[in-house]
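S.K.: got a structure for you, letters missing:
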């Protein structure tokens, strides 16, 4: 009982001090492995996010190709690369949504189109790497 009161008081103190809650729970959450339901939910959300947001690959690839080469090739080659990556992200999203009950590692990196938008090239990894229970 005293331990619970101490935890509650310390959380209230952290809230009043303005400490973000993700920093408070970061250690506790990372130590616990995700449950089957969380893994299925994460995979379904990856699929649902990647299908409509796949169009973000178009400007990303045009801009990164333009920065790496020149403007003319960035428009043409970047647009073609963006179309290929858009189709790949849509296919990956559909596949992850259909196979959501099978918890696997992500197929596409970065996992979401907005992650590390200009820093990381979109790549595709091995399909159906099953997450082993701990």
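M.R.: That came in fine, so what should we check first? As the structure is a prediction and not an experimental result, all values here were calculated from the model.
S.K.: sec struct for residue 120, please.
M.R.: Under DSSP: H, G, I helix; E, B strand; the rest coil, residue 120 falls in the coil class.
S.K.: Now it: closest residue in space, sequence neighbours ignored.
M.R.: Leaving out its chain neighbours, the residue that sits closest to residue 120 by C-beta to C-beta, 6 or more residues apart in numbering is residue 110, at 5.3 Å. The C-beta positions use only the backbone N, C-alpha and C, and glycine is treated the same way.
S.K.: Least confident secondary structure element in the protein?
M.R.: Of all helical and strand segments in the chain, the minimum by mean pLDDT, DSSP states H and E falls on helix 21-31, at a mean of 49.
S.K.: helix or strand right after that one?
M.R.: Next helix or strand after helix 21-31 toward the C-terminus (DSSP states H and E): helix 36-50.
S.K.: which parts of that following helix are buried?
M.R.: By neighbour count with 16 or more other C-beta atoms under 10 Å, helix 36-50 contains the buried residues 39-40, 42-44, 46-47, 49-50.
S.K.: ok, so of those, who is nearest residue 89?
M.R.: residue 50 (5.1 Å; C-beta to C-beta).
S.K.: So what's the residue count around the closest residue in space to the closest one that isn't next to it in sequence?
M.R.: Nearest in space to residue 50, with sequence neighbours left out and distances taken as C-beta to C-beta, 6+ apart, is residue 93 at 3.3 Å. Residue 93 is flanked by 22 other residues according to other C-beta atoms under 10 Å.
S.K.: in what helix or strand does residue 93 lie?
M.R.: Counting by DSSP H and E, residue 93 is found in helix 71-98.
S.K.: Now do that helix: which elements does it pack against?
M.R.: Judged by 3 or more C-beta pairs under 8 Å, 6 or more residues apart in numbering; DSSP states H and E, helix 71-98 is in contact with helix 36-50, helix 57-68, strand 108-109.
S.K.: who wins for proximity to residue 116 among those?
M.R.: For residue 116, the closest of these is strand 108-109, at 9.2 Å, according to C-beta to C-beta.
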